[in-house]
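1. For reference, the sequence and a predicted model appear below.
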Amino acid sequence: MQQVLGIVIVFSTIIYSMVLSGSILMFIDTQAFVISLGIFLAGIKLNTTKETNFRTHLRRVFSNDILTTAEAESSASFYSNLNKFTIAASVVTLIIAALSTLQQFDQPKILGPIIAITLLVTLYTGIVSTCFIIPAKFKLLSSLSENNLKDTPTSSVFLKATVGTLLINIVLITPWALGGSLAFLIDLPSLLMIALILLGGLIFVKNIKTKVLSHYLFSFLMTAGILLYLVGVVAILSYDVDSFNTLLTAFSVASLTVLLAVIIVLPFSLLLNYMMQDIKNTELNIGLFTENKSFVKSYALITVASSSLTLLVLIVHFPK
């Protein structure tokens with residue numbers, strides 16, 4: 001089944017990034033897992049009805065049955081609301097961790113575990129969102145006949161968007177390349193992870209052919225880039241660094257996957273949307289797509305806040 005294969009590829013890539021960051025054991029925490037599981041169970045319970053339960057929404061994702069517009073949009077809304085709930089719960093967890101950190105600043109030894117649990121909760125929820133929730137939502141929306149028949153782009157549109165993206169990146173990176181300061185971007189593991197995640201995400205949705213693709217690429221790859229960055233930040237908590245410069249270098253390396261995700265997907269998705277905006281008779285439910293931009297922003301803000309909290313504690317308590 002293509003959805004299972006897509007999940008396996010994306011999840012395996014995330015595990016691969018953890019292995020590269022150090023011991024896989026640093027990413028396993030029972031308390032964080034229980035909190036994350038509670039978040040998802042509560043989200044599922046609050047967003048299901050007697051008429052349409054979770055098993056129905058799950059079956060629609062993995063089934064090849066033709067869905068009605070009402071069925072596809074109902075399940076897509078379920079996954080959208082589940083994502084909103086997990087983000088809100090992650091924010092609450094972050095606020096609790098921030099308050100605990102501020103109150104325990106005189107006890108450095110317990111600050112690391114507090115921050116680690118917060119980051120791991122965000123990491124766990126982000127893994128489920130990237131591996132399943134976002135792809136499931138877009139797979140359902142792309143199955144709608146009005147989304148696939150009325151605004152299907154030609155291959156020339158994709159070719160123009162690809163060439164345009166390459167030209168934009170060449171213009172942006174040439175000055176850095178001439179100055180010899182672009183070597184940091186040539187990181188094969190990071191490029192491989194982005195490529196594998198993209199492959200897994202596309203296999204999951206398989207026949208996505210419309211404007212859905214550009215919205216999906218933006219939401220999926222940006223969230224995946226943030227997730228891989230978060231893996232790096234969690235690893236930093238267990239680094240035995242001997243200088244603050246080493247610490248900053250570790251943060252910059254962790255940020256590389258986000259940068260690569262931006263370089264790959266942002267120009268392409270913007271150009272693709274621009275080239276298709278004049279297509280008429282579109283019945284696309286724009287609201288269900290564009291709200292994913294707010295998901296990306298929310299994940300980014302949570303990650304930035306968590307990273308800032310981590311950096312603040314490390315600065316204050318960095319060994320002299």
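-> Received it, and whenever you're ready, just let me know what you need. Numbering: from 1, shown residues only.

2. check contacts around residue 14.
-> Contacts for residue 14 (Cβ atoms under 8 Å, 6 or more residues apart in numbering) come out as 127, 130, 131, 197, 227, 228, 231. (Each C-beta comes from the backbone N, C-alpha and C, glycine too.)

3. What strand or helix carries the closest residue to residue 39 other than its chain neighbours?
-> Of all residues not flanking residue 39 in the chain, residue 89 sits nearest, at 4.3 Å (Cβ to Cβ, 6 or more residues apart in numbering). Following DSSP states H and E, the helix or strand that holds residue 89 is helix 69-103.

4. Give me the buried stretch members for that helix, please.
-> 71-80, 82-87, 89-90, 93-94, 97-98, 101 (16 or more other Cβ atoms under 10 Å).

5. which stretch of helix or strand covers residue 126?
-> Applying DSSP H and E as the criterion places residue 126 in helix 108-128.

6. following that helix, which helix or strand comes up?
-> Sequence-wise, the next helix or strand downstream of helix 108-128 (DSSP H and E) is helix 134-142.

7. and the direction of that following helix versus that of helix 69-103, what angle?
-> 160 degrees (axes from the mean of the first three to the mean of the last three Cα atoms, to 10 degrees).

8. Angles on the backbone of residue 64, please.
-> Note on residue 64: its backbone torsions stand at phi -100, psi 10 [degrees, to the nearest 10].

9. What pLDDT is listed against the closest residue to residue 61 other than its chain neighbours?
-> Among residues not flanking residue 61 along the chain, residue 136 sits closest, at 4.5 Å (Cβ to Cβ, 6+ apart). For residue 136, the pLDDT comes out at 90.

10. count of neighbours near residue 262?
-> Residue 262 sits with 13 neighbouring residues when counted by other Cβ atoms under 10 Å.

11. same question but for residue 24, I mixed them up
-> Residue 24 has 10 nearby residues by other Cβ under 10 Å.

12. Nearest spatial neighbour of it, chain-adjacent residues omitted?
-> That would be residue 18: by Cβ to Cβ, 6+ apart, it lies 5.4 Å from residue 24.

13. element containing the one you found, please.
-> Going by DSSP H and E, residue 18 is in helix 2-21.

14. Could you list the buried residues of that helix?
-> Applying 16+ other Cβ under 10 Å to helix 2-21 flags 3, 6, 7, 9, 10, 11, 13, 14, 16, 17, 18, 21 as buried.

15. what's near enough to touch the spatially most central residue of the chain?
-> Nearest to the mean C-alpha position of the chain, by Cα atoms, centre = their mean, lies residue 223 at 1.8 Å. By Cβ under 8 Å, 6+ apart, the contact list for residue 223 reads 126, 129, 130, 134, 295, 296, 299.

16. can I get those residues in CSV with distance to residue 116?
-> What follows is the contacts of residue 223, written out as CSV (distance: Cβ to Cβ, whole Å):
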residue, distance to residue 116
126, 15
129, 20
130, 20
134, 25
295, 24
296, 24
299, 18
